[in-house]
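Peer 1: Next comes the sequence, and after it the predicted model I'd like to discuss.
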Amino acid sequence: MHLTQSTVGRKILMAVTGLLLVGFITMHLLGNLSVFAGPDGINAYAEHLKSLGPLVWVFRLIMLALFAVHVTFGIKLSMENRAATPVNYSIKKRMKTTFSSESMLYTGLIILAFLIYHLLHFTVQITNPEISAAKLPLDAAMRPDVFSMVVLSFQKVFIALVYIVGMIALFLHLTHGLSSFVQTFGWNNGPSHDKVTLGGKLVAVVFLLAYVAIPVLILARFVNI
Amino acid sequence: MDLTLHVWRQSGPKDKGQLETYPAKGVSPDMSFLEMLDEVNEGLIKSGKQPIVFDHDCREGICGMCSQVINGRPHGGQERTTVCQLHMRSFNDGDEIFIEPWRARAFPIVKDLIVDRSALESIMQAGGYTSCHTGGVPDGNAHPIGKPVADYAMDAAECIGCGACVAGCPNSSAMLFTSAKVAQLAVLPQGKIEAKARVKNMTDSLQEQGFGNCTNHLECEASCPKGISVKFIAKLNREYMKTIGC
Amino acid sequence: MILDGKTPTGPIEKSWDKHRFDMKLVNPSNKRKFKILVVGTGLAGGAAAASLGELGYNVEAFCYQDSARRAHSIAAQGGINAAKNYPNDGDSIYRLFYDTIKGGDFRAREADVWRLSQVSNNIIDQCVAQGVPFARDYAGYLDNRSFGGAQVSRTFYARGQTGQQLLLGAYSALSRQVKAGTVKLNERTEMLDLVVVDGVAKGITCRNMVTGEINSYWGDAVVLATGGYVNVFYLSTNAMGCSVTAAWKAAKKGAFMANPCYTQIHPTCIPQTGDHQSKLTLMSESLRNDGRCWVPKKKEDCDKAPGDVPEEDRDYYLERKYPSFGNLAPRDIASRAAKEQCDDERGVGPGKRGVYLDYASAIERVGEHTIKERYGNLFEMYEKITDENAYKRPMRIYPAPHYAMGGLWVDYNLMSNVPGLFVLGEANFSVHGANRLGASALMQGLADGYFVIPYTIAAYLATVTPGTVTDEHPAFKESKEQVEERINTLLNIKGKKTVSELHRELGKVMWEDVGMARSEESLKHALQRIPEIRDEFWNNVNVTGSGAELNQQLENAGRLADFLEFGEILATDALHREESCGGHFRVEHQTEDGEATRDDENFAYVGAWEFKGNDKAPELHKEPLKFENIKLAVRSYK
Ligand SMILES: Cc1cc2nc3c(=O)[nH]c(=O)nc-3n(C[C@H](O)[C@H](O)[C@H](O)COP(=O)(O)OP(=O)(O)OC[C@H]3O[C@@H](n4cnc5c(N)ncnc54)[C@H](O)[C@@H]3O)c2cc1C
Ligand code: HEM
Ligand code: SF4
Ligand code: FES
C-alpha cells in the first residue's frame, strides 16, 4: 500500500499514531493525577478500569498496534535518514534544527524502554513484587491498593529517577512532536508556524510538569501513605 | 584583510578527499565570496597548484548553480543570500573559514566543491509540470486567478533549485524543493488537474533518488537562499492526503 | 554575395500565416526517425526542444550547466512583451512591430519582426498554461507594466524573476518530454565543434565536462540556441559561462556572423569596485521609472557626499538633454549620456565611473513605502553588493555590456547559410536590429522556440532523408581529432599568464576601444591589439590540470580562445559600419549635439561576415533591408 511505502505516507502514519498516543498519555495523565486525591482517588480509578473487562484488552491491543506502527516506522525512517546522509560536515551549524527534533529516535527509544519497565513495574508487577498491589493488603474499600504501591515505589529514589528520566524523554519527544504533527497534517500556513511551535513546547512543558509531579512530590514526601 | 581557508579538496568521486588549508591575503571587503576564491585560485595557479573548482554561473543569486557550505551553513547562512552574493565584508580579518560541498547521498561529489545534483532533475521529471501542449491553450486571462493565489504561487516558484535545503537538512531530504513545485502548481487552476498524480510521483521520485524523509526539522527553510517557507511542505502534505482520500 | 533572407512576399499581416501554409510538413509517423540536436536550453533552446519532442521528433538537448533550467535566461528580471492590449491603452500587433523596428534603429527585417509581434500573444497564453505565476491584479487578470522605449503597458512580469519563471515553464515542458522519452538531456556538455558534411550541418562534437571525454553526436538538423557573446568584454551582465564558442565554431565551419558590432550596453548596472570584479550586476531598467540621473556640475564636487551637493550644482543630464523622454530615454542613449558625463570627469564613486540614480524626489512624492513596494528587492540587492542604503543615499550606476543583437545570420526560417543549421534566441541576429528594446529578448527566445522552429524545421526536414549521415561518417572523427588536438595544445602551452588575466586584457581593449563610443582610431587600435593578445594567449597561457577531468581552467581557456578570434570580427564590423545606429555609435557620425546619425543610403543592410582564417580578412556578405511597411525615420527621443 502506498501509505506505508511513501515518504509522506509514512510521515502521516507517524503523525496519526503519535497523535493518538498523545491522546492516550493525556487520558493516562488525568487518571494518574488522581493519586493526589489519595487512595480513594486512584484506587477507585484503577478499580473502574478493571471493571471494563474485555474492553481493556481491546484498548491494550489498539495501544500495542499504535506503538508497533509508530516504533517500526520511527526506526525505519530514522535509519533511512541516516543512510541518506552518509558523510558529515567537518563543522555543521544548525540554524533551526533543535536538540529535540534531532533526538526523536533516541527519546522515542528511551520512552519505549521506559514503557516496558513501566508495564513490568505497575501492570505485570514483577520488578518490585514486595510493594506491588498484588502483594499489598487491599485498601479500606477492599480494592487493590494501587495508591500504596505508587507511593511506596516513588519513595525509592531509583524508581522515581527512572520515571523522571522517562518523562524528560517524553517531554523532549513532545517538544518537537506536538508542533511537528501540525505541520505533517498540513495545517501550517507560514505565520502560524512559530505560534504552533511555541504552543507545542508549552503543552510539552505541561505534560512534563504534571507527569513528573507524581514521582517528585512523592519522593519529597509531599504525598504519604 | 587576511583569512585562512579550509577547503574540501577531492579529485574525483572515488577519491577520499580532505580539507586543505590556504591563506587568502589582502581580501577586499567589496569582493564577493566567489571573487575571493577566484583570487585564491589565481595564486594557486601561479604557484603551480590545481585551482579549487566550484560551481557558479550567474553570480547574481538566481541560477542556483553556486553551492558551498561555509562554516557549517549552506550558502554561508545569511538570510536570502546565495554564496555568489555573500560579500567579504561580512567576515573579519583573521577569520578561519571552512568551505565544504553539499553533502548528501543523493548528491555525489564530482570534484572539490562540485556535486552532482541531477537527482533534483529526476524529481522534476517525475511530475513537475502541467501536461499542456505547445499551442492550443486558452487565452492567458481565460481563468482569472486571484492575486493572493497568484502571489502564493509566485512565493513557491521563487525556488532556484540550488539544493541548499538538502545540504542543510539533517536527513538530506529534498522536501522543500519538491514542495515548492507541488504547491505552486497545486493552487493554480492549470495545475490542479494533475495535482494528485503530481504529488505522488514527485515524492516517490524523491525517495527513489536516495533523499531522506522529512521530519520537520525546518533546517531547509533556514538554509534556503530564497526564503522558501516550510508552509509549502505543509501544503504538499495536504495535497498528499487528498490522494488517500482525506 | 548578396544574401537572401527568404522573406515571404505579399502583405505583411498575412506573411506568417501564408508562409506556414506554404511550408512542407513531415508525416507524423516519420517524425521520430528524425534526430534533432538542440544546443542550449535557455528560453529559445528549452522551448524548442520541448516543442519538437512533443511533436514526436527524436531530440537531444545540450547545455554546459548542471541543469537545463540554469541557462542564463533565468537572469532576466524585468519582463516579457506581448501585444495583448489588455490595458486597453492602444497596443496592437502592429504597434509592437512598429516599436521594435524603430527601437532597433531600422536595422532588422520587417517580416521577422512582424512574426514575432504576431506570436507574442500566444507566448503569454502558453506560459500561463504551464503555470508561470505572472503578476495579477486584484480581479485576477494579468498585470502589465511599462518599460523603456514604449508608450504602452505591454510588459508581463513575474515579480523580479520573469526570466527564471519563464525558463522554469519551458523546463517543465522539457521535463515532461524527458519523461516521455522524446528528449534526452546532456548536461555539463559543451559543444566544441559543428560537424558539416558536404556543406550540410549533420552533428556536433562535445566535451563531457565531468569526464573530459570528447564525443560525437549526429543529427538530421542542428539547432543552436546558445545565447549571447557580450562576455567578449570580460565584465558584463552575462553569466560567467556565457560564451561565443558554439556560435563561433559554427562560424568557423562556414556560418556567417551577422552584425556582430551591435552590442547593447545597459545603463543601470552597479559600477565596478576594483580589479577583482568578475561580473557586473544589472539593476532592472524599471528603476528609471522613478529615479533621476545626475552628476555634479563641478568636478570639485565629485568627491563630496551626494547630500552635500546643493540642488543647483547638480546636473540632471538626461532631463536636460532629452526633455520629453528624460530619465526614460532608451538604453543606448542613456548609457552614452552617462559615459559622456564621466568622460567629462564628473563621474562619482570609486574610479569615478558612476552616476547617481536618485530617489529622493520620488520618495518625497509617493513616500518611501511605495518605493519599497516597487523596487524593494532591487534596493536590497544593491545594498548587498555595495553596502549602501539607496533610500538614504542615491544609487550609483554605470553602463555595462548586456546583450548581443548581432549573431549568426539566419533566414526567415531561422536557418543559417549552412543548411541544416538553425539558430534561435540571442544567438541569432534576427529581430532586434541595432538595438533591443527592454522585455523583447524573452519574447524572441520563446517565439523562436515554441512557435517558429517547430514549423520551419519541418520544411527543411521534409527535404532530407533521416539518418543518412551518422557519427560513422569520417567527418565526425576528423572533428573529434581537431577538438582533441586543440585541447592538447592549450594544455601544453604552460605559460605564465592565467586565463582570466588574458581575458581581462581582451575585455579592457574591447570596452575602451569597441565599447560605447567607437572611432576609426580606437577600432584600428583594437584590431592591432586583439591579435597581439591572441598571440600571447597561444604562447603564454597557463592552463592547469588535464583534459581527462573536470577542468574549469580548460573550459575558460577554450572560450577565451574563441573570443579572441571573434573580437576581431566584432571590431572589423564596427570599423566597416561608417554610421551610428542603435548600440553602435561611431563618434565620427554624430550631430552637433552628440546624437547618432544613421546612414540609410549606404548601410541599410545586414553585414554578415564569413570567417576565412585568422590571417585572412573576413569576407562581408550583405543582405539589403527593405522597409515597405514602416517609413525610415530618424529616431528621436528629445
Ligand atoms: C541580467 C539580464 C537581465 C535581462 N533582463 C531581460 C528582461 O527583463 N527582458 C528581456 O526580454 N530580456 C532580458 N534579458 C535578455 C534575455 O534574458 C536573454 O537575451 C535571453 O534570455 C537569451 O535566451 P537564449 O535562450 O537565447 O540564451 P540563454 O538563456 O543564454 O541560453 C543559452 C544556452 O546555451 C547553452 N550553451 C551555450 N554555449 C554552449 C556550448 N558551447 N555548448 C553547450 N551548451 C551551450 C547554455 O548552457 C544555455 O543552456 C536579460 C539579460 C540579462 C543578462
Ligand atoms: C507515549 C509515547 C509517544 C508519543 C506520545 C509520541 C508522539 C509523537 C508525536 C506526536 C510525533 C510527531 C509526528 C510528526 O512528525 O508529525 C512523534 C514522532 C516520532 N516518534 Fe514518537 N511518540 C511516542 C513514542 C515513541 C517511541 C516509543 C518511539 C520509538 C522509536 C518514537 C519515535 C518517534 C520518531 C522517530 C518520531 C519522528 C518521526 C517523524 O517525524 O517522521 N516515538 N512521536
Ligand atoms: S527550496 Fe530553497 S534551498 Fe531548496 S532548492 Fe529551492 S531555493 Fe534552494
Ligand atoms: S552563481 Fe548563480 S546563484 Fe550563485
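Peer 2: Received, thanks. Ligands and ions are numbered 1, 2, ... in the order given.

Peer 1: and the residue in chain B positioned nearest to ligand 2, which of the three is it?
Peer 2: Scanning chain B for the residue nearest ligand 2 gives B:Thr215, at 3.7 Å (criterion: C-beta to the nearest ligand atom). Heads up, the C-betas are built off the backbone N, CA and C, glycines and all. At B:Thr215 the chain is in coil, as set by DSSP: H, G, I helix; E, B strand; the rest coil.

Peer 1: Next, the contact list for the spatially closest residue to it that is not a sequence neighbour, please.
Peer 2: Closest residue to B:Thr215 apart from its sequence neighbours, by C-beta to C-beta, 6 or more residues apart in numbering or on different chains: B:Asn171 at 6.0 Å. By C-beta atoms under 8 Å, 6 or more residues apart in numbering or on different chains, B:Asn171 lies in contact with A:Asn81, A:Ala84, A:Thr85, B:Gly212, B:Asn213, B:Cys214, B:Thr215, B:His217.

Peer 1: and if you look at C:Leu378?
Peer 2: C:Gly160, C:Met283, C:Ser284, C:Leu287.

Peer 1: Thought C:Tyr382 was touching the second one, still the case?
Peer 2: Spelled out, it's C:Met283. Yes: counting by C-beta atoms under 8 Å, C:Met283 does reach C:Tyr382; the two are 6.5 Å apart.

Peer 1: Mutual contacts of these two, please.
Peer 2: What both C:Met283 and C:Tyr382 touch, as defined by C-beta under 8 Å, 6+ apart, is the set C:Ile270, C:Met395.

Peer 1: of these two, who's got more company?
Peer 2: C:Met283 (25 against 22; other C-beta atoms under 10 Å in any protein chain shown).

Peer 1: Just give the number of residues close to the closest residue to C:Asp143 other than its chain neighbours.
Peer 2: Leaving aside its sequence neighbours, C:Asp143 sits nearest to C:Ala135 (C-beta to C-beta, 6+ apart; 4.2 Å). Residues lying near C:Ala135 (other C-beta under 10 Å) number 18.

Peer 1: dump the residue contacts of C:Ala135.
Peer 2: B:Ala150, B:Met154, C:Leu142, C:Asp143, C:Phe156, C:Tyr157, C:Ala158, C:Arg159 are the contacts of C:Ala135 under C-beta under 8 Å, 6+ apart.

Peer 1: Next, B:Leu176: phi, psi?
Peer 2: Torsion angles at B:Leu176 (phi, psi; degrees, to the nearest 10) stand at phi -70, psi -50.

Peer 1: Report how many residues lie close to it.
Peer 2: 27.

Peer 1: do the same with C:Glu319
Peer 2: 15.

Peer 1: So C:Arg598: helix, strand or coil?
Peer 2: Strictly by three-state DSSP, C:Arg598 counts as coil.

Peer 1: Then C:Thr268?
Peer 2: strand.

Peer 1: Wait, it touches C:Leu357, no?
Peer 2: Yes: assessed by C-beta under 8 Å, C:Thr268 is found in contact with C:Leu357 at 6.8 Å.

Peer 1: Residues that sit against both of the two, list them.
Peer 2: Joint contacts of C:Thr268 and C:Leu357 (C-beta under 8 Å, 6+ apart) are C:Leu287, C:Arg288, C:Ile397.

Peer 1: So the residue nearest to the first one when sequence neighbours are not counted versus chain A, what's the distance?
Peer 2: If the residues on either side of it in the chain are set aside, C:Leu287 comes closest to C:Thr268, at 5.5 Å by C-beta to C-beta, 6+ apart. Using C-beta to the nearest C-beta, to the nearest Å, one obtains 33 Å as the distance from C:Thr268 to chain A.

Peer 1: The closest residue to A:Ser132 other than its chain neighbours and ligand 2, how far apart?
Peer 2: Using C-beta to C-beta, 6+ apart and skipping residues adjacent in sequence, the residue nearest A:Ser132 is A:Gln125, 3.7 Å away. With distances taken as C-beta to the nearest ligand atom, to the nearest Å, A:Gln125 is found 21 Å from ligand 2.

Peer 1: ok, how many other residues are close to A:Gln125?
Peer 2: Around A:Gln125 there are 16 residues (other C-beta under 10 Å).

Peer 1: One more: C:Ala49?
Peer 2: Around C:Ala49 there are 37 residues (other C-beta under 10 Å).

Peer 1: for the helix or strand containing it, the distance to its chain's centre please.
Peer 2: Using DSSP states H and E, C:Ala49 falls within helix C:43-55. Distance of helix C:43-55 from the chain centroid (C-alpha atoms, centre = their mean, to the nearest Å) equals 19 Å.

Peer 1: check whether it contacts chain B.
Peer 2: Yes: under the criterion of C-beta under 8 Å from any C-beta of the partner chain, chain B is reached by helix C:43-55 at C:Ala47, C:Ala50, C:Ser51, C:Glu54.

Peer 1: Perfect, that will be all.
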